[in-house]
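**Student:** any chance you could fold what I've pasted below:
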Amino acid sequence: MNCIFCKIIDGEIPSYKIYEDENVIAFLDISQLTKGHTLVVPKKHVKNVYEMNEDLASKVFQSVPKIANALKKAFNPIGLNVINNNEKPHQSVDHFHIHLVPRYENDEFKMEFINHQDQYEDDDYEKVLNKIKNNL
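**Tutor:** Okay, the predicted model is just below:
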């Protein structure tokens with residue numbers, strides 16, 4: 001397999017490892033969007049959240065608060081973004097991973113959300129809600 005995260009997990013590529021247990025590895029993201037930017041990665045290769053079963057998801061997400069609190073104690077950020085990209089347009093490595101991005105005053109990392117509330121009526125919300133519920 002030619003997966004960069006699998007190679008990091010197998011020790012073929014060096015990393016700045018923060019945490020490891022039998023299911024998860026966490027290491028510094030080489031891009032360091034902000035100081036302490038960390039990736040939390042399952043050791044089992046799954047491409048994205050769509051391929052992940054509930055047991056593996058539980059094991060991965062169980063480690064997130066522990067690592068997030070270590071980042072908070074280490075750097076005292078004003079906040080933290082927990083980000084996961086799946087498929088297009090932003091998943092850059094086809095191995096599920098969670099970004100923990102500490103936030104600081106005047107950092108350059110931007111997440112912008114556009115509010116479309118004015119384009120939805122109650123009926124529109126009901127249609128969206130029912131379409132999702134019908135696929136659970």
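
**Student:** name the element the residue of the chain most remote from its centre belongs to?
**Tutor:** Here the chain reaches farthest from its C-alpha mean at Asp123, the gap being 32.5 Å by Cα atoms, centre = their mean. Using DSSP states H and E, Asp123 sits in helix 122-133.

**Student:** CA-only coordinates of that helix in CSV, if you can.
**Tutor:** What follows is helix 122-133, C-alpha atoms only, in CSV (Å, rounded to 0.1, in the frame of the first residue of the first chain):
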residue,chain,number,x,y,z
ASP,A,122,-39.8,25.5,7.8
ASP,A,123,-40.8,23.2,4.9
ASP,A,124,-37.3,23.2,3.5
TYR,A,125,-35.8,22.2,6.8
GLU,A,126,-38.5,19.4,7.1
LYS,A,127,-37.6,18.1,3.6
VAL,A,128,-33.9,18.0,4.5
LEU,A,129,-34.6,16.4,7.9
ASN,A,130,-36.8,13.7,6.4
LYS,A,131,-34.4,12.9,3.6
ILE,A,132,-31.6,12.3,6.2
LYS,A,133,-33.8,10.3,8.6
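
**Student:** gap between that helix and the chain center?
**Tutor:** 27 Å (Cα atoms, centre = their mean, to the nearest Å).

**Student:** list of residues touching that helix?
**Tutor:** Outside of helix 122-133, no residue comes within contact range by Cβ atoms under 8 Å, 6 or more residues apart in numbering. No exception for glycine: its C-beta is placed from N, CA and C like everyone else's.

**Student:** max-length helix in this protein?
**Tutor:** helix 54-75 (DSSP state H).
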